[in-house]
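**Q** Dropping a prediction and its sequence here:
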Amino acid sequence: MAKKILVIEDDNSIRELLAELLESEGYVVKSASNGAEGLKVLEAGHELNLILVDLMMPIMDGYTFRIEQMKNPEWSKIPTVVMSAEANAKEKLKSYDVTAFLSKPVELDVILNTVAENIK
């Protein structure tokens, strides 16, 4: 059965590129344009194998999404890879227990390798 990934990214072109890239590798992709939409995907009961989330987004950013995700014992088990162009994001994320951090801009092969290494 294909592994499922949730991509949470506010930039439409980046979100679509990531979805196409991951789908071309055989993954099933759910997409959300902010953390609040991402939580709705989780609340809908979709079984996910990995979450790829941007930090800087309107409505609900990646930090807030991660805080809400960690409150739920089932959701908190999902490997979560964070992407950001924010200068000190990696340092800020130390208390957020993320699976991996990718600094934007990210090479496509780095994304694929990180997903392959961390998906459950």
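**A** Yes, it's here.

**Q** Tell me how many other residues surround His119.
**A** His isn't right for residue 119; it's Ile. 17 (other Cβ atoms under 10 Å). (Each C-beta comes from the backbone N, C-alpha and C, glycine too.)

**Q** in the helix or strand bottoming out on mean pLDDT in the chain, what counts as buried?
**A** For the chain, counting by mean pLDDT, DSSP states H and E, helix 89-92 ranks last in confidence among helices and strands (a mean of 88). Buried residues in helix 89-92, counted by 16 or more other Cβ atoms under 10 Å: Ala89.

**Q** Show the secondary-structure elements that that helix is packed against.
**A** strand 100-103 (3 or more Cβ pairs under 8 Å, 6 or more residues apart in numbering; DSSP states H and E).

**Q** how near is Val106 to Leu52?
**A** 10 Å (Cβ to Cβ, to the nearest Å).

**Q** ok, back up a step: run through who's touching the least confident helix or strand of the chain.
**A** Residues outside helix 89-92 that contact it (Cβ atoms under 8 Å, 6 or more residues apart in numbering) are 55, 63, 82, 86, 101, 103.

**Q** who are the neighbours in contact with the last one?
**A** If I follow you right, that is Ser103. Ser103 is in contact with 83-85, 89-90, counting by Cβ under 8 Å, 6+ apart.

**Q** that older thread, Val106 and Leu52: which has the busier surroundings?
**A** Leu52 (26 against 16).

**Q** could you say which helix or strand contains the more buried one?
**A** strand 50-54 (DSSP states H and E).

**Q** Can you give me the buried ones in that strand?
**A** 50-54.

**Q** Parallel or antiparallel, list what pairs with that strand.
**A** Sheet pairing of strand 50-54 (DSSP bridges) gives strand 4-8 (parallel), strand 80-84 (parallel).

**Q** Sweet, I'm off.
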